[in-house]
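Colleague: the amino acid sequence is not available; the structure is as follows:
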Ligand SMILES: Nc1ncnc2c1ncn2[C@@H]1O[C@H](COP(=O)(O)OP(=O)(O)O)[C@@H](O)[C@H]1O
Ligand SMILES: Nc1ncnc2c1ncn2[C@@H]1O[C@H](COP(=O)(O)OP(=O)(O)O)[C@@H](O)[C@H]1O
Ligand SMILES: Nc1ncnc2c1ncn2[C@@H]1O[C@H](COP(=O)(O)OP(=O)(O)O)[C@@H](O)[C@H]1O
């Protein structure tokens, strides 16, 4: 199996398609490389400070550093892992299940373009860009175990999870580890009895905005070129972020008579997460729709369903990212069109019909299969790894440490010392 | 009327010029597209988190979310509006007064370059880039009604204002709605008697820096290419931001014997706002001068004149952006030169003389006319829309809600819960 | 002496090499210009808000604005200085010791590419990009005199230092002024007796992340093109930032049994500072190693050595940036390879051997010489300038002003007014 | 000597201070507190999770004064803080045995 | 009238408030304080610089009540705040001479 | 039992704590307050708008002690907090009727 799909993440990844024919001989394009380096920088900015702030603002004061640190340490840990074996496992030729060790220690990952990995940018550009994705995925999951997981357990979990789940499956599993973690770890001490208000919606707001900006690199960068496909993905991304905010806000308006800043930013993140598997395949108007649906559905998940079931997905990693990713994958089956993305050709040389709108209803089933398989693999893998980590170091901090807060108990420092 | 001036915003917009001849056939340039996508991202970053933080830090704690939310909801609302009719009204061929509906729902706004809208980037790139401008303009105005306007009224006002004032006139009206709002709404409860210190100059500082960085996309992106014109606008932007900070700081030094962080950042924003209509037309040294004048004059407006007249332009949207834009438009009449921008040709084929420095003193009058017309249209339009909105939903929150703060009364949440 | 080395900063700058032959005639590349404009914006973002937040979070509440203002005012002051004489002194042809006045007031620094200053981007692009470096260098030093230096003295010092030390020597002296300042100014009142905890590790965290992201512009932009060399520098930068964080964290783990968020971010900054003189010359795996060593050594400097010697380098400008730069310069002598950077040719036309790994052990001595000369010049220059400034305006605030805090005593404002 | 402790609405702080200044009461210590009483709290909703917040921000004044000024001060303070709505706050009076001015060791009423 | 001042662990605040509410004690003023006592502090390390922090966050309740309810309230409050570990906090009882409800000038026990 | 309340300059907090520790006073509660008195405030200017800030940050110590230690503690505290300049702060002494250690229900002086 070729692992070098240049397609926007997650979509169609179960189709056994040949790598898109890239006929021009590889040659570096300064414009494309400029765009890809910028995109890599933007995706890193999504994790830090973006996601770190988004999550950090949602927790209580005593956990702010512990929560931000979960994102930050992944910027370091996953980078090392990626250089040593990760990139190779994810992207070199190997068995159908996992890549080989050909690129271990980045041997052979050079500065010349390689047609398999973006024919107009250095192979290393592709490698570093994909690394930024490998960092943010476990960082997103960390939202599910905020405020109660041991730092060591979190680091170990993320390493194992990357090795066993992400590197092999790469792009299928966005946010899906979240629910398992929330269930496995159990509720925070005092939840839902004690108030656990976000200690700073202001921080979350900054984070959400930077996520939005960074997401342009995430989705439009996935074209691996500053091409019109990049533009298309950029537009879809922005549109879905906008209507996601509107959808969530409307939901709040109906139920509470008010719409909140936290709601609007959560909705935009839901819209952005949802459009991700579909951006680069859909037109602008469907993107508006997809984002809106995402905003409404994720709101209902978080505000209604979560309350009913009573699990403690502290920062709604599952409710926003897991659900969003699922909606997005399915809607891609509906709205993907070869008017946007004609990377797949039929034998006749014509661009292959993609989603329902192209007259290919079967794609919805493919996408559904992708969703189900993704959930099952990610869920099972996550659960097993949690068990292992729990045996090795214990996943949850002690009760007193939880009350004291992660900042002091895990890191020996405090987020704010205003009175100093 | 062609609405597709590729010129830097605002300048020369009253000249009945044909669209600049762009002789090469449209073809996508990866370098130009990369730059324009980055610029679009940067301009979005100006609104959120940039402007949201700049304004959010200036208000009292109880209004921080309400203030930031005003910027954020525009990122969502104006995007939807833009996709549906806004872009079409602003940029399609229509009557001389307003565009047509040709591009409604973005029909026909495709991924191929269109010579009228940037001949080297996809038409959608142009569309999304211009959208980011449409978002930030009403967001800037919101500074004038901070801390006392209803959220619903603010949203309705912004939508109407975009439809009636901004989309038709597009780039002429930066910051000019501010004064009307301040006058119409009246003073905040307790102003100027009670202390209303900025609750966090730190937040404003972050915002101002991000505004500065984002402004490169705003001005240098207006070249719609990574051309030498983009470089020129980039340099002018940075220079004016720098001397704006120095001008304001010197003003404070003379009057108070101290210069403040808030002063320095306000000055840089004044310099950046001021250079905007002139960047892409002026050389580096005049940019230094323009920025400096902006810093000094805006300081005097805010610190002396405002106090004299006693209106309550809460965050100085008018004093900084309105005045700055005016100074900039006039100084463009002085310093614009075809050594920088030779887009306009005479019949003879020579580049047309531009500002006073090119030996064309008449341009100053044109610019003055542009200023006056801009002020009149924006002022009148804004006032009327405020009246309408006031009738429909009421513009101002009640006294008790104002005392309680917008965060609680409008959004049911608080910015900080440190004690949690 | 040609001053137009397009090499990554600092490295090899003492070799009397001819400017790398750039055979193609100068012609603007949109891709390269896009990348360089973005890089310039990123490097500005490193200073503000990046470094301003990183340092601002580390000081006590009463000094937050004073500390951030030190970075911000340099964004303004150095820009003016650069336009007037700075760029000319640093980059025009002059004597071997300092440039001439050929480019004073940017005369002759136009919009066409100039082969000496990046043959594919406008000369002004090169000028503005280098300016961003000139801003951040004195800003980094300001960390050494935080919480106790007069604002006027700091401004005067920075101007003189730029004129006398930075513009002539340009890239050799990163962070090396720090120690002198710390020694000259003496300890903060109450140090080390009274607690001086960082008032907001959260702010520092945001700052460090933005530094990391901005550093891509700093190092990968130094290729002055979106070339494969840029990619190589980008990868090295990211890798060293990551392992720097790991190195510092491991150090803390061994000594304290915990690793902290402040430690992780400090380590990443140490790794980034350290790789800087070597990025663009070394392969990815050595970059991992260099970053790791930087993290460990800087941690020991700050946590052990500083305590032993007892000087008060308030924000560890010296411990992190000075030491990091030194390690980096030396390791470049070991790991620089013409497989990455073949800009230097032998007479035979072959790429010249670079570091030890290329079989050129002598380079280590060259690098050592560079370090020593850099230290001596920067140290002596800094000391003399401090003496002069002290005579002119006095460098240190009075005891009462120090206790009251810089925000009030120097700027007449406060960072936070939450109770407003 | 008596200590007058008053818990008032935050937006009345400025008025109270000026009223006290006007009758020559200069020494005071102020702190930010949260109060609970008859005044109804408000509802906050974060991601669908509702919180009824009934601890509302208040400002506490502490003024130590000579016995003979108590009534005048209580009246002035009360008048300045009054809006007539629930939540205006309370004033408590208690006895203080001694006061010391740290600067010069003055004691008793002279130290106030 | 007595003033009951209780310094308790922050995470016990919710429990204490509910316990007081259950016995009909509604009026109270709360503030964030830091306390020092037998409870051991903790160590924080910033860039190798160690700080022993022995001022720990606490929440202070101030409740002014009629004399006859003191014992009941002290017991309820103590029971709700108790964990049995060092640092649970203290309750202090002192005398208050008068209370005024600002809103309507009610005085004495009726003002509580 | 007496309660000693001292309002001191924030930068003297560390010194005061150590002085009290040296004479064996371990239990105390501290809060951040703002004070007004003879000490002149300062001017802040935000965008040309001037504010005279005369509520200055202070730290309040509350220490409940047995009657017989009052004088010693007041002296120690005062000496440690004194700079001799306006604004050094005040110490107030008042009576406390009872103290309870929540942890084990100890009462009276033994609970301190
Ligand atoms: N018994 C009490 N002890 C201490 N503080 C009280 C008491 N009763 C009320 N307070 C304080 O006074 C404030 C106002 O009381 P509330 O009952 O809401 O209004 P009102 O005094 O107008 O009836 C409360 O928020 C609280 O801070
Ligand atoms: N003498 C005192 N005066 C004022 N506050 C005290 C005194 N002793 C203790 N406290 C407060 O009570 C808190 C708990 O006291 P501590 O001695 O740690 O635990 P315990 O009461 O369980 O022995 C302290 O943190 C402090 O706030
Ligand atoms: N009468 C008072 N009641 C309560 N607090 C007071 C009183 N007088 C002074 N204070 C507190 O003491 C602090 C210092 O008082 P001030 O008059 O400035 O200095 P000094 O005590 O040296 O004359 C004030 O800031 C205030 O917090």
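Modeller: Looks like it arrived, so ask away. Keep in mind that what you see is a predicted model, and the values were worked out from it rather than measured. Ligands and ions are numbered 1, 2, ... in the order given.
Colleague: in what helix or strand does residue D:58 lie?
Modeller: strand D:56-65 (DSSP states H and E).
Colleague: just checking that strand against chain A, any contact.
Modeller: No: Strand D:56-65 stays clear of chain A (Cβ under 8 Å from any Cβ of the partner chain), getting no nearer than 14.4 Å. In short, each C-beta sits where N, CA and C put it, glycine included.
Colleague: now for residue A:369, how many residues are close by?
Modeller: By the criterion of other Cβ atoms under 10 Å in any protein chain shown, residue A:369 has 12 neighbours.
Colleague: now the one 10 residues further on
Modeller: Applying other Cβ under 10 Å, we find 17 residues neighbouring residue A:379.
Colleague: got phi/psi on it?
Modeller: phi -60, psi -50 (degrees, to the nearest 10).
Colleague: thought it was touching residue A:182?
Modeller: No: with contact defined as Cβ atoms under 8 Å, residue A:379 does not reach residue A:182; the gap is 11.9 Å.
Colleague: is chain E contacted by the following helix or strand past the strand holding residue D:58?
Modeller: Sequence order places helix D:70-81 as the next helix or strand after strand D:56-65, per DSSP H and E. Yes: for helix D:70-81, a contact with chain E is found by Cβ under 8 Å from any Cβ, at D:74, D:78, D:81.
Colleague: I'd say the first one and residue D:93 touch.
Modeller: Yes: when contacts are counted by Cβ under 8 Å, residue D:74 is listed as touching residue D:93 (7.1 Å).
Colleague: need the overlap of contacts for these two.
Modeller: D:4, E:100 (Cβ atoms under 8 Å, 6 or more residues apart in numbering or on different chains).
Colleague: all helices for the stretch 101-250 of chain A, in order.
Modeller: A:123-141, A:151-161, A:167-169, A:177-185, A:201-220, A:228-256 (DSSP state H, counting those that start in this stretch).
Colleague: and the angle for whatever helix or strand comes next after the last one with helix A:201-220?
Modeller: Moving toward the C-terminus from helix A:228-256, the next helix or strand (DSSP H and E) is helix A:261-275. Here helix A:261-275 runs at 20 degrees with respect to helix A:201-220, directions being taken by axes from the mean of the first three to the mean of the last three Cα atoms, to 10 degrees.
Colleague: so what secondary structure elements neighbour helix A:261-275?
Modeller: Under the contact criterion of 3 or more Cβ pairs under 8 Å, 6 or more residues apart in numbering or on different chains; DSSP states H and E, helix A:261-275 touches helix A:201-220, helix A:228-256, helix A:284-300, helix A:323-335, helix B:64-81.
Colleague: next to chain F, which bits of the stretch 301-420 of chain A? Give me the list.
Modeller: residue A:419.
Colleague: any stretches of the stretch 101-250 of chain A with poor pLDDT?
Modeller: Under the criterion pLDDT under 70, the flagged ranges of the stretch 101-250 of chain A are A:170-178.
Colleague: do that again at 90, thanks
Modeller: Applying pLDDT under 90 to the stretch 101-250 of chain A flags the ranges A:101, A:115-117, A:141-146, A:164-196.
Colleague: wait, what's in contact with residue 72?
Modeller: Chain wasn't specified; assuming chain A. A:48, A:52, C:205, C:209, C:245, C:261, C:264-265, C:268.
Colleague: hmm, no, I was thinking of chain D.
Modeller: residue D:23.
Colleague: that one and chain B, how far apart?
Modeller: Using Cβ to the nearest Cβ, to the nearest Å, residue D:72 is found at 25 Å from chain B.
Colleague: give me the neighbour count for residue 78.
Modeller: With no chain named, the answer covers chain A. For residue A:78, using other Cβ under 10 Å, the count is 27.
Colleague: the intended chain is chain D.
Modeller: Residue D:78, neighbours per other Cβ under 10 Å, totals 23.
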